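Q: Return atomic coordinates for the entry below.
(2 chains)
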Amino acid sequence: MTETPSHPEDPSEGGPTGASEGTEGGAGNRGGGKGPRKGGRGPAGRAGAGRQAAYVVDAPLTTPSPSPGLVEVFRHRYLLRLLVRREIQARYSGSFLGLLWSYINPLSQFLIYYVVFGIIMGRNSVEAYAVHVFCGLVVVHFFTETFNAGTRSIVRNKALVRKMAVPKEMFPVASMLVSLYHVLPQVVILVVVCLFYGWTPDPLVPVALLLALAIVTCLATALAIVFSAANVFFRDFSSVVSILTNVVRFGVPMIYPFRDVASKLGDTLAAVYLWNPIADAVLLVQRAFWVGATPDPEASAATELPDHLWAYGGVMLVVSAVSLVLAQLIFRRLENKIPERLT
Amino acid sequence: MSFPESTSIVVENVSKEFTLRYQRTFKQVTVAKMRGEATKSRFKALDDVSFTVEQGESIGLMGLNGSGKSTLLTLINGVMRPDGGRVLTRGRIAGLIATGAGFHPQLTGRENIYLNAAVCGMTEKETDAKFDEIVDFASIGKHLDSQVGNYSSGMYARLGFAVAVNVDCDIFLADEALAVGDKPFKRKCLDKMQEIRDSGRTIFYVSHAAGSVRKMCDRVLVLENGRLGFDGPVDEGIHYVKYDSDDEDNDDDELGADV
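A: Model prediction:
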């Protein structure tokens, strides 16, 4: 059989290959992450004698295990992109409407809340109640999807984890990106619905939305990383996660307005309540969309939103970022035993 | 300790211990603790193994089942880290230990090739360049754009194999993987392996088949209960594991014995 030789005879070949590897992170874990190789992948002088020891590998002698940490994950962004695409494609494969479902699902949920709570139960105490709920749903869905799927991600990809030396944080991060991908259609629907309610966007809308998403991204990824490792050792953790996500659903001002929290729990407990990053993220999204959809935005902002919402948001972003760092430290302690415990 | 430029793999006083768990649920653990029984025990899969491999050597790793061959391979591959000692490698590692790992049954053959190649550490550009060769090697023809879930098991295995052997690597690991496919495909695989060897890449070949080890390798390591029992020339190594009574009829039989 005649395969073309994978390396041309010219020993000077290999420069471009080496350079692209370093940047794309393809062989990053093998090369030890010490920057791009300086070429010289080709076998020098292979002609003639067939096998010679002249094949020079211009890479450092390092440990074959990938270095841990999220930085390593983003060095492998090409693989990460493919993993995310695989998840998304696989979810809609064999479906006729395909990606449209990611619009239909949130839209149907909005309509249910609109009909049941807005019309039948008539919760008139909260203006534009369906929008109020939907703002919460966007955040809560993103969080619970990341947390749930992320927790199961390493166990689900065990065929890969047990065979290949890829950074294992890759899988929870990929779950987060898949969930983030599905946030977009929900935001589109939220914008369209709000426009119907007479919402006029102000410059702080994108700031609030991005701050909220940043908080949830960091926190959910942190939790997903820790629980994905813990789930390898005891599958109980995926059950714990189901309970936690339920708590989150009711721990944020989504079904009830924040105003009730302040009036019924008192100011001290309301302040404690606001130490929940997800609650702040929900309030920020409500600040961006729901407040503007109410008949009197300024009055709503004054009565419905907590004081110092932006300060809380900023602090919670820091808290979430710190938790992401801690999560990596915990993960690093657990990850060594993951391949052997995955059965 | 420093090593010359030509060193490809260093395994230095490597040990790997596994924990065996007898009881896993809360109830079982409680009962066992009350009875004073052990709930876990440890077992040394590798015990103080040391050797170095020069670039371009092809090593046959032999030993009985359970002697630690696969554990050693996962340590060299970087999936696991040693508990003691250290493992160092130079360059990219690929091999027939993860054929088809990460294949998604709902994606097409084409999509899976890209995914699997990325898992093996290839960039998009490299995969583009190798794509035709991979498809050609797998010879799955018109099935390339249908879902991998519909492939026959042979086609599935061939596709995984085709990606693995076409990864541009410096160290090639093979773990008793030639058992896939029909006779012509096995023939093709052995040719490809020899081509990889002749190109000067380091080969680490795990096998029970004396014939193919003799054909492929120029040095044999033998593991015995996690310890390195033999390190030296091929014929002596095969004699050491007492596999030399095996007949060497033809390639197909040798490969068949790989199972």
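Q: any idea what sits nearest A:Ile215, other than its immediate chain neighbours?
A: If the residues on either side of it in the chain are set aside, A:Ile215 comes closest to A:Ala281, at 4.7 Å by C-beta to C-beta, 6 or more residues apart in numbering or on different chains. C-betas here are computed from N, CA, C, even on glycine.
Q: Need the pLDDT of residue 81.
A: If you meant another chain, say so; for now it's chain A. pLDDT, the model's per-residue confidence, is 92 for A:Arg81.
Q: nope, chain B please
A: For B:Arg81, the model assigns a pLDDT of 88.
Q: Now do the residue nearest to A:Ile215 against chain B, distance only.
A: The span separating A:Ala281 from chain B equals 32 Å under the rule C-beta to the nearest C-beta, to the nearest Å.
Q: ok, that residue - contacts?
A: With contacts defined as C-beta atoms under 8 Å, 6 or more residues apart in numbering or on different chains, the neighbours of A:Ala281 are A:139, A:143, A:211-213, A:215-216, A:313, A:316.
Q: run the last query once more with 10 Å
A: A:135-136, A:138-140, A:142-143, A:208-209, A:211-217, A:219, A:252, A:313, A:316-317, A:320 (C-beta atoms under 10 Å, 6 or more residues apart in numbering or on different chains).
Q: Show the contacting residues for the closest residue to A:Tyr114 other than its chain neighbours.
A: Taking C-beta to C-beta, 6+ apart, and ignoring the residues beside it in sequence, A:Tyr114 has A:Ala130 as its nearest neighbour in space, at 4.0 Å. Contacts of A:Ala130 were listed using C-beta under 10 Å, 6+ apart, and they are A:109-119, A:123, A:193, A:197, A:290, A:293.
Q: just those residues now: which is nearest chain B?
A: Proximity of those to chain B, judged by C-beta to the nearest C-beta, is greatest for A:Gln109, which lies at 25.9 Å.
Q: what's the burial count for that closest one?
A: Counted with other C-beta atoms under 10 Å in any protein chain shown, the neighbours of A:Gln109 add up to 17.
Q: And the strands in the stretch 51-200 of chain A, which stretches?
A: Ranges of strands in the stretch 51-200 of chain A, per DSSP state E, counting those that start in this stretch, are A:61-62.
Q: Might you list the low-confidence residue ranges for it?
A: A:51-54, A:123-124 (pLDDT under 70).
Q: Let's see that with 80 instead.
A: For the stretch 51-200 of chain A, residues meeting the criterion pLDDT under 80 lie at A:51-59, A:66-69, A:90, A:93-94, A:98-99, A:117-119, A:121-125.
Q: could you pull out the helices for it?
A: Assigned by DSSP state H, counting those that start in this stretch, the helices in the stretch 51-200 of chain A fall at A:70-75, A:77-92, A:101-113, A:129-156, A:158-163, A:170-196.
Q: now the stretch 151-259 of chain B
A: Per DSSP H, counting those that start in this stretch, the stretch 151-259 of chain B has helices spanning B:153-166, B:183-198, B:210-216, B:234-240, B:251-256. These are given in chain order.
Q: The helix or strand hosting B:Phe18 packs against which elements?
A: In the assignment (DSSP states H and E), B:Phe18 maps to strand B:7-21. Contact partners of strand B:7-21 among helices and strands, from 3 or more C-beta pairs under 10 Å, 6 or more residues apart in numbering or on different chains; DSSP states H and E: strand A:61-62, helix A:338-341, strand B:40-54, helix B:69-77, strand B:84-90, strand B:171-175, strand B:202-206, strand B:227-232.
Q: May I see the buried residues of it?
A: Neighbour counts over strand B:7-21 (16 or more other C-beta atoms under 10 Å in any protein chain shown) mark B:7-12, B:14-16, B:18 as buried.
Q: For A:Tyr92, state which of those is nearest.
A: B:Phe18 (40.4 Å; C-beta to C-beta).
Q: partners of the closest one in the sheet?
A: Per DSSP bridges, the residues bridged to B:Phe18 are B:Phe43.
Q: list the contacts for it?
A: Contacts of B:Phe18 (C-beta under 10 Å, 6+ apart): A:337, A:340-341, B:41-46, B:71, B:80, B:83.
Q: Tabulate these (TSV), appending neighbour count and distance to B:His239.
A: Shown next, in TSV, are the contacts of B:Phe18 (neighbours: other C-beta atoms under 10 Å in any protein chain shown; distance: C-beta to C-beta, whole Å):
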residue	neighbour count	distance to B:His239
A:Lys337	16	38
A:Glu340	18	33
A:Arg341	16	38
B:Ser41	10	35
B:Arg42	9	33
B:Phe43	10	29
B:Lys44	17	26
B:Ala45	23	25
B:Leu46	26	24
B:Thr71	22	25
B:Met80	25	31
B:Asp83	16	32
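Q: Farthest-apart pair in these, please.
A: The distance between the two most remote of the contacts of B:Phe18 (C-beta to C-beta) is 19.3 Å, for B:Ser41 and B:Met80.
Q: dump the residue contacts of B:Asp83.
A: Shown in contact with B:Asp83 (C-beta under 10 Å, 6+ apart): A:336, B:14-18, B:42, B:44-46, B:75.
Q: Okay, the residue most central in space within chain A and chain B: tell me how far apart.
A: In chain A, the residue lying closest to the centroid (C-alpha atoms, centre = their mean) is A:Met176, at 2.3 Å. From A:Met176 over to chain B the distance is 19 Å, taken as C-beta to the nearest C-beta.
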